[in-house]
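>>> structure, please.
(one chain, ligands or ions: 1)
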Amino acid sequence: MRSFLEKFPPSITALLLQVAAAALVLSAMRALELQLSPLSFALVCGLLAAFFSHLAGLARWWLLIQLCFAPALVLMLAFDIPPGIFLAAFLIMLVVYWSTFRTQVPLYLSSNKVWHALETLLPPQQAGKTFRFIDLGSGLGGVLTHLARIRPDGHYTGVESAPLPLLWSWLRCKPCRNCEVHWGSIWDERLEACNLAQYDVVFAYLSPVPMERLWRKARSEMRPGTVFISSTFAIPEQLAHQALEVDDLHHSTLLVWRM
Ligand SMILES: C[S@@+](CC[C@H](N)C(=O)[O-])C[C@H]1O[C@@H](n2cnc3c(N)ncnc32)[C@H](O)[C@@H]1O
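Below is the predicted model of the structure:
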């Protein structure tokens with residue numbers, strides 16, 4: 001069972017386990033001819049879903065979500081909130097987070113201090129020479145537009161999969177002649193911008209989940225002498241050549257590999 005569930009992202013596994021818990025509680029109620037109030041039913045479902053999630057090996061913070069999910073649903077229904085509000089909240093989350101349930105890389109932003117630290121990792125300025133920089137998962141385009149302003153001798157590309165951040169960063173990049181963003185997945189081989197061979201500096205601020213895959217992509221595509229930078233998230237078993245600690249709220253660290 002565990003190996004079957006491992007094929008799915010944690011959010012889908014969590015949902016399947018909620019459904020399984022509800023089905024089991026309903027069958028037990030029918031077999032025992034038992035009546036439960038909606039809140040008691042939800043509490044039992046939550047307990048069972050949390051237990052199943054523990055058995056399925058979901059991270060500990062998922063257990064709390066699983067425990068509270070059905071009771072929270074019942075309590076929210078008691079407030080009689082118009083369904084349109086839930087639809088609107090869902091649509092907003094959808095355009096902001098898009099495929100986060102699958103990629104496990106949500107939107108959170110690099111600090112201004114990270115932007116400034118990145119300036120020091122760009123190739124040195126040389127008359128008549130330009131360089132290319134990519135932000136993989138460029139969010140709202142803050143990294144790109146800041147660097148494009150500070151170092152106009154570079155060309156800056158972003159790839160972003162979520163529609164609202166993409167639109168935001170597109171509007172932000174529009175006035176810059178040396179900055180562009182593309183809509184798509186960083187793994188899409190048909191997207192020319194995702195071929196890392198064309199960049200001198202590749203930057204990523206993602207999550208622990210894609211780092212091993214990203215390292216394989218960087219190793220197979222990046223040219224010798226170019227630079228790969230990961231903000232905060234390490235690559236398993238790959239010691240960085242340089243680690244630049246940034247004194248911001250998240251205590252970000254820029255991990256640098258020279259290819
Ligand atoms: C942690 S945010 C970083 C935003 C920005 N790079 C910064 O430093 O402020 C990660 C971004 O990557 C995007 N993302 C996640 N997986 C992606 C993928 N496979 N392809 C393109 N973008 C992705 C998310 O939508 C999110 O906006």
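
>>> how about stretch 95-110 as CSV, C-alpha atoms only?
Output of stretch 95-110 as CSV, limited to C-alpha atoms (Å, rounded to 0.1, in the frame of the first residue of the first chain):
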residue,chain,number,x,y,z
VAL,A,95,-3.6,31.2,-10.2
VAL,A,96,-0.9,31.9,-7.5
TYR,A,97,0.2,28.4,-6.7
TRP,A,98,-0.9,26.5,-9.8
SER,A,99,0.9,23.1,-9.8
THR,A,100,2.5,23.4,-6.3
PHE,A,101,0.5,20.4,-5.2
ARG,A,102,2.7,18.4,-7.7
THR,A,103,6.0,20.3,-7.8
GLN,A,104,6.1,20.9,-4.0
VAL,A,105,7.6,24.3,-4.8
PRO,A,106,5.4,27.1,-3.5
LEU,A,107,5.8,30.8,-4.1
TYR,A,108,7.9,32.6,-1.6
LEU,A,109,10.2,35.5,-2.4
SER,A,110,14.0,36.1,-2.2
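
>>> what's around residue 106, how many residues?
Number of residues near residue 106 (other C-beta atoms under 10 Å) recorded here: 14. Where C-beta positions appear, they are placed from N, C-alpha and C, glycine not excepted.

>>> quick one, phi psi at it?
phi -80, psi 180 (degrees, to the nearest 10).

>>> now do the residue nearest to it when sequence neighbours are not counted against the ligand, distance only.
Computed as C-beta to C-beta, 6 or more residues apart in numbering, the closest residue to residue 106 that is not its neighbour in sequence is residue 100, at 4.8 Å. Applying C-beta to the nearest ligand atom, to the nearest Å, the value for residue 100 to the ligand is 7 Å.

>>> and the helix or strand hosting residue 172, how far from the chain's centre?
Here residue 172 is covered by helix 163-173, with elements defined by DSSP states H and E. Relative to the mean C-alpha coordinate of its chain, helix 163-173 is positioned 17 Å out (C-alpha atoms, centre = their mean, to the nearest Å).

>>> how about it: buried residues?
By 16 or more other C-beta atoms under 10 Å, the buried positions in helix 163-173 come out as 164-166, 168-170, 172-173.

>>> which helices and strands does whatever helix or strand comes next after that helix pack with?
Counting by DSSP H and E, the next helix or strand C-terminal to helix 163-173 is strand 179-183. Of the remaining helices and strands, those touching strand 179-183 by 3 or more C-beta pairs under 8 Å, 6 or more residues apart in numbering; DSSP states H and E are helix 142-150, strand 154-160, helix 163-173.

>>> what does this protein put close to the ligand?
Neighbours of the ligand within the chain, by C-beta under 6 Å from any ligand atom: 103, 105, 107-110, 135, 137-139, 142-143, 159-162, 165, 185-187, 205-206.
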